[in-house]
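[1] got a predicted structure plus its sequence, pasted below:
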Amino acid sequence: MSAPVKLSCRHVWKVYGETPARFFEKGRGAVDDAAALAARIRGADHILAAADVSFDVHVGEIFVIMGLSGSGKSTMVRCLSRIVEPTAGEILLDGEDLLAMGRAGLIEYRRRKMGMVFQNFGLMPHLTVLDNVAFPLEVQGIPREERRAKARAMIDLVGLEGREASFPHQLSGGQQQRVGIARSLAVEPELWFLDEPFSALDPLIRRQMQDEFLRLQRELHKSIVFITHDFMEALKIADRMAIMRDGAVVQIGRPVDLILRPADAYVREFTNDVPWEMVLTAGDVADAARAPVPGMGHIAADTTLALLLPYLAEHEAGVVVRGADGHDIGTITASDVVRALASGVPEPAEVTA
């Protein structure tokens, strides 16, 4: 991505046991052979929850971490927030090492720079919607009228205007989750962590909340780490994603990269049931070398093949694919689409954002 890096996770380990620090020299997580160290840790009756995890989150990016239960994904988001203290490694926010922060700095980070949403909504049952959303601002010491005005703005943002005086038990599950989202946004966080926020919701409400989440992101442009075990959810919302197994990152990339070029059978298993025509886009299969034919129409590079196929059925010559920067990146015909869906190994074109 061209956007600057907001958060860097560098060689982070989390080990549970009697003496986890003994495996690392002065908290340094970078080692010559991470696999050998992981095996030694497990052989010493310690539990390895995160093993040599490294990734960057860019400004305005939705970075999804996913994996099966026990893969380490929730451990990582807790390490990023220091709810769980990493055993070794570095976590850098705008270049500053969060693991070197003292108690006062950590409190300030959590209060003013970080928002979190969990699977369980965590609302306070004795407080109204308005007071639940305003609570983190009260903790910051913001005057009553100011915090209530900001809370009302967040309530409007998530579509709950008119429910300010309701209590949590009077709301549906989706409405409760909206309150949790509004509360996490009230502090205007620089980083937004969401740990399986929609997994407890019914499928229809879950899809609606995913759409709402994407709408909010288009307005707010937050730097986001989103945890899920649902690959289809990850495909819908991720700019990039990391897949974890046994505490380690197996592969990082755009969703389409993981689908087309899975690193191993574990990653491939996640992608087996993905409807490719709903995921692959015109930009992924455009032919940059083929010249356009006069009279060809234009289509955006992020148009899915499912939406493109009806057009190509009526336009045998094909269509010109236009990137987000307004420049043409190639052409595409019905044959290109059929070839891409049949082969499973097209080389995605690089679309300039």
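    Here it is on my side, so go on. Keep in mind it's a predicted model, so treat the numbers as computed, not measured. Numbering: from 1, shown residues only.

[2] packing partners of the helix or strand harbouring residue 178?
    Assigned by DSSP states H and E, residue 178 belongs to helix 173-185. Under the contact definition 3 or more C-beta pairs under 8 Å, 6 or more residues apart in numbering; DSSP states H and E, helix 173-185 sits against strand 114-118, helix 129-139, helix 144-157, helix 203-220. The way it works is simple: take the backbone N, C-alpha and C, and place the C-beta from them, glycine included.

[3] so what touches the longest one?
    What that stands for is helix 203-220. With C-beta atoms under 8 Å, 6 or more residues apart in numbering as the test, helix 203-220 has contacts from 62, 157-159, 172-174, 177-178, 181, 185, 194, 197-199, 201, 224, 233, 236-237.

[4] which among these end up buried?
    62, 157-158, 174, 177-178, 181, 185, 194, 197-198, 201, 224, 233, 236-237 (16 or more other C-beta atoms under 10 Å).

[5] any idea how far residue 41 is from residue 49?
    10 Å (C-beta to C-beta, to the nearest Å).

[6] same deal with residue 111?
    Distance, residue 111 to residue 41, by C-beta to C-beta: 34 Å.

[7] try residue 16
    Distance, residue 16 to residue 41, by C-beta to C-beta: 10 Å.

[8] give me the more crowded residue out of these two.
    Per other C-beta atoms under 10 Å, whichever of residue 16 and residue 41 has more neighbours is residue 41, with 23 against 13.

[9] in three-state terms, label the more buried one for me.
    Following DSSP: H, G, I helix; E, B strand; the rest coil, we place residue 41 in the helix state.

[10] contacting residues around it?
    15, 17, 20, 23, 48.

[11] backbone dihedrals for the second one, please?
    According to degrees, to the nearest 10, the main-chain angles of residue 17 amount to phi 160, psi -170.

[12] for the stretch 251-353 of the chain, just list every one of the helices.
    Here the stretch 251-353 of the chain has its helices, by DSSP state H, counting those that start in this stretch, at 255-260, 265-271, 276-279, 282-285, 305-314, 334-343.

[13] and the fifth one, average pLDDT?
    Looking back up the chat, that one is helix 305-314. The pLDDT scores in helix 305-314 average 88.

[14] do the first one as well
    For helix 255-260, mean pLDDT is 84.

[15] for the helix or strand residue 104 falls within, C-alpha coordinates in CSV please.
    Assigned by DSSP H and E, residue 104 belongs to helix 103-112. Listed next in CSV are the C-alpha coordinates belonging to helix 103-112 (Å, rounded to 0.1, in the frame of the first residue of the first chain):
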residue,chain,number,x,y,z
ARG,A,103,1.7,2.8,33.0
ALA,A,104,0.7,6.5,32.5
GLY,A,105,1.5,6.4,28.8
LEU,A,106,-0.4,3.1,28.4
ILE,A,107,-3.5,4.6,30.0
GLU,A,108,-3.3,7.6,27.8
TYR,A,109,-2.9,5.4,24.7
ARG,A,110,-6.0,3.3,25.6
ARG,A,111,-8.1,6.4,26.5
ARG,A,112,-7.3,8.6,23.6
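
[16] what's the angle from that helix to strand 114-118?
    70 degrees (axes from the mean of the first three to the mean of the last three C-alpha atoms, to 10 degrees).

[17] OK, contacts around the closest residue to residue 182 other than its chain neighbours?
    For residue 182, ignoring the flanking residues on the chain, the nearest one in space by C-beta to C-beta, 6 or more residues apart in numbering is residue 154 at 4.0 Å. Each residue near residue 154 by C-beta under 8 Å, 6+ apart is listed here: 133, 182-183, 185-186.

[18] tell me the one of those nearest residue 293?
    The shortest gap between residue 293 and any of the contacts of residue 154 belongs to residue 185, at 48.1 Å (C-beta to C-beta).

[19] so can I have JSON lines of the helices and strands packed on helix 173-185 showing distance to residue 66 and mean pLDDT?
    Below are the helices and strands packed on helix 173-185 laid out as JSON lines (distance: least, C-beta to C-beta, whole Å; pLDDT from 0 to 100):
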{"stretch": "strand 114-118", "distance to residue 66": "16", "mean pLDDT": "88"}
{"stretch": "helix 129-139", "distance to residue 66": "28", "mean pLDDT": "93"}
{"stretch": "helix 144-157", "distance to residue 66": "27", "mean pLDDT": "93"}
{"stretch": "helix 203-220", "distance to residue 66": "14", "mean pLDDT": "89"}
